[in-house]
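>>> Predicted coordinates and the sequence they were generated for:
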Amino acid sequence: MNAPPALAQRFIDEALRNDHNRAILQRLPALALPDAWLVAGCLFQTVWNLQAGRAPDAGIRDYDLFYFDGSDLSEAAEAAVGARVQALLADRGIVVEAKNQARVHTWYRAWFGHDYPALGSARDGIDRFLVAGTCVALQPGPHGPVLYAPYGLEAIYQGVLAPNPLCDHRALYLRKAADYADRWPGLRLTAGTTETAGTNV
């Protein structure tokens, strides 16, 4: 399902109430990373914080950037990007992790015990977050942030956590979803599936 425009704009506005998210998006073009997005927890957790009456950045452990560079799949190249990212954002006092989605399939099984397909874009990686409704990302655009939300936004605002059928690793999902529910009481875990549809705003 596609997110209604009003809900999409609400999500963008609320995500940007976290000053760290705003700063990352403002500075991201300076890195010139291919297919770069600010993704996941720092976005939807900001929304959950606002719903819970907390500070926008409360309890957010790190900030994740996805990019896609198929020209160099080495760990060293990814580490070099990470160092550039941290240097650019050193004044923010936060941890920012940059992950090249072109190389996830080279290490995923060793870390998580499951096979992972070679991806074709950063958005392919966003599509595969363990919790379906948390598949969200923003990138700078000429008219403001561009939103990517392949499963819509309703689950975030309804507090519903469900496994992602594209990456249905149930034990990993349950561990992550339980951590979210412990940190944001009121979230509900389900074992259902979610129909995929794209959202670009």
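On my side now, so go ahead.
>>> show me where pLDDT drops low in this protein?
1-2, 192-201 (pLDDT under 70).
>>> what's near enough to touch the spatially most central residue of it?
For the chain, residue 40 is the residue whose C-alpha lies nearest the centre (Cα atoms, centre = their mean; 1.9 Å). Residues near residue 40 by Cβ atoms under 8 Å, 6 or more residues apart in numbering: 64, 126, 129, 134, 135, 136, 137. (Glycine included, C-beta is placed from N, CA and C.)
>>> and it, how far is that from residue 129?
6 Å (Cβ to Cβ, to the nearest Å).
>>> Find residues that contact each of the two.
residue 135.
>>> Quick check: buried residues in the one helix or strand residue 81 maps to?
Following DSSP states H and E, one finds residue 81 within helix 75-88. Neighbour counts over helix 75-88 (16 or more other Cβ atoms under 10 Å) mark 78, 81, 82, 85, 88 as buried.
>>> Roughly how far does the second one sit from residue 134?
Shown here: residue 81 relative to residue 134, a distance of 23 Å by Cβ to Cβ.
>>> So what would you say the end-to-end distance of stretch 44-63 is?
Taking Cα to Cα, to the nearest Å, the first and last residues of stretch 44-63 lie 11 Å apart.
>>> Please identify the buried residues of it?
Per 16+ other Cβ under 10 Å, stretch 44-63 contains these buried residues: 44, 45, 46, 47, 48, 49, 50, 56, 57, 60, 63.
>>> so who does residue 78 touch?
Contacts of residue 78 by Cβ under 8 Å, 6+ apart are 98, 99, 100, 103.
>>> which among those gets closest to residue 145?
Lowest distance from residue 145 to these (Cβ to Cβ) belongs to residue 98, with 18.2 Å.
>>> looking at the sheet around that closest one, what are its partners?
For residue 98, the beta-bridge partners are residue 65 (DSSP bridges).
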